[in-house]
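Chemist: Below is the sequence, then the predicted model.
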Amino acid sequence: MTLDSAVFRFAGIVVLVSLALAHWVHPGFLWLTAFAGFNLLQSSFTGFCPAAVVFKKLGVRPGHSFN
């Protein structure tokens, strides 16, 4: 698994989990969905993603997007 796929999978999991939590626990969890979306948007412009930094330190091999 590359760094790119790890970041995209993690973002997808965060979105799906936060939607489930918003549905079954409290609607305030939609802010987590918004936060994940904002991070994806800003990383598309800047190339910086906090999750990519964490995955890189965990030893996930580099991909093409987050160098």
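Modeler: Noted; the coordinates are in hand.
Chemist: Contacts for stretch 30-42, please.
Modeler: Contacts of stretch 30-42 with the rest of the structure, by CB atoms under 8 Å, 6 or more residues apart in numbering, involve 11, 14-15, 18-19, 21-22, 48-51. Every residue, glycine included, has its C-beta placed from N, CA and C.
Chemist: now do 7 Å
Modeler: Contacting residues not belonging to stretch 30-42 are listed as 11, 14-15, 18-19, 22, 49 [CB atoms under 7 Å, 6 or more residues apart in numbering].
Chemist: Report the two of these separated the most.
Modeler: For the contacts of stretch 30-42, the farthest-apart pair by CB to CB is Ala22 and Cys49; their separation is 23.3 Å.
Chemist: Which of those two has more residues huddled nearby?
Modeler: Remark: of Ala22 and Cys49, Cys49 carries more neighbours, 22 against 16, as counted by other CB atoms under 10 Å.
Chemist: Quick one: residues contacting the more buried one.
Modeler: Here Cys49 is in contact with 7, 39, 43, 66 (criterion: CB under 7 Å, 6+ apart).
Chemist: Of those, which belong to helices?
Modeler: 7, 39, 43 (DSSP state H).
Chemist: The first one: neighbour count?
Modeler: Yep, that's Val7 we're talking about. 25.
Chemist: Look up how far Leu32 lies from it.
Modeler: Using CB to CB, to the nearest Å, Val7 is found at 16 Å from Leu32.
Chemist: quick one: the residue positioned nearest the centre of the chain and Ala52, what's the gap?
Modeler: Central residue of the chain (CA atoms, centre = their mean): Ala11, 2.9 Å from the mean position. Using CB to CB, one obtains 10 Å as the distance from Ala11 to Ala52.
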